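> quick check, what structure comes out for this input:
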Amino acid sequence: MKYAIGFDLSLTAPAAVALPLDWKPGDWKNVRFWLLKPPAPKSDDVAGQLERYAAISQWAWDRYVEVGRPASYAVEAYAFSKNNASASKLMELGGIVRLNLYGAQQCPLPVVIAASSARKTLLGKVPRTDQKLAVQVALYNVGAPLDPKLVEGHVKRPRYATPDTWEENVCDAFVVANHFLGELGGTVLTLGDGT
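Purely as a prediction, here's the structure:
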């Protein structure tokens, strides 16, 4: 089976989601997902930071290989507020992962997808506030295997029974993979108004 794989390269919990190229939206059994929770080094531990970057880079490579080394893959574009202290570390991580996959492993260049575009593909209209929550509620309501604690108080009841597995970084990786699947000509999950 061939996949469109999308990555959310966070420092604390990077995630990846792989959608079959012939995915039928809502068929959650065929969606593959991974979440890594690397140990966090102390802020002044440069060697520890580099070890975490290396572990995440290796993890990303392993996911890429696990889905059959597809012709391309997608990563979420950086999005920072101007007061984000972790911005440089996150950019270092993204650079290291891309360098490892492209340079050392000779993978193709990644397709970089803006989170706003990926969310718009799923939701149609993206709210001005609580965009991540809107994605999580929408995915929960269509049966994605989402942890209900993420949407507690924001949904009356799910449309479908769902196992409690996905968390927010997996949701971010899903919207990247879903948008990327559309760029590859596949059928994407789109919910129009976000319900």
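
> ranges for the strands of this structure?
Taking DSSP state E as the test, the strands found in the chain are 3-8, 15-20, 32-35, 74-76, 111-113.

> what lines up beside the third one in the sheet?
When pairing is defined by DSSP bridges, strand 32-35 lines up against strand 15-20 (antiparallel).

> ok so, going back, export the strands of the chain to TSV and tack on mean neighbour count, distance to Gly192 and mean pLDDT?
Every residue, glycine included, has its C-beta placed from N, CA and C. Below are the strands of the chain laid out as TSV (neighbours: other CB atoms under 10 Å; distance: least, CB to CB, whole Å; pLDDT from 0 to 100):
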stretch	mean neighbour count	distance to Gly192	mean pLDDT
strand 3-8	27	21	94
strand 15-20	26	19	95
strand 32-35	19	24	93
strand 74-76	24	23	89
strand 111-113	17	20	89
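
> now do the contacts for the spatially most central residue of the chain.
Central residue of the chain (CA atoms, centre = their mean): Ala173, 1.1 Å from the mean position. By CB atoms under 8 Å, 6 or more residues apart in numbering, the contact list for Ala173 reads 6-8, 15-17, 33, 76.

> let me have the strands of the chain in a markdown table, extended by distance to Ala144.
A markdown table is the format used below for the strands of the chain (distance: least, CB to CB, whole Å):
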| stretch | distance to Ala144 |
| --- | --- |
| strand 3-8 | 14 |
| strand 15-20 | 10 |
| strand 32-35 | 10 |
| strand 74-76 | 17 |
| strand 111-113 | 19 |
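
> which of those strands sits closest to Ala55?
strand 32-35 (13.4 Å; CB to CB).

> so what touches that closest one?
So strand 32-35 is contacted by 3, 13-18, 59, 63, 66-67, 165-167, 169-170, 173-174 (CB under 8 Å, 6+ apart).

> what about it, distance to the chain center?
9 Å (CA atoms, centre = their mean, to the nearest Å).

> what comes up buried for stretch 167-181?
167-181 (16 or more other CB atoms under 10 Å).

> wait, which of these is closest to Ser43?
Closest to Ser43, out of all of the buried residues of stretch 167-181 and judged by CB to CB, is Asn169, at 20.9 Å.
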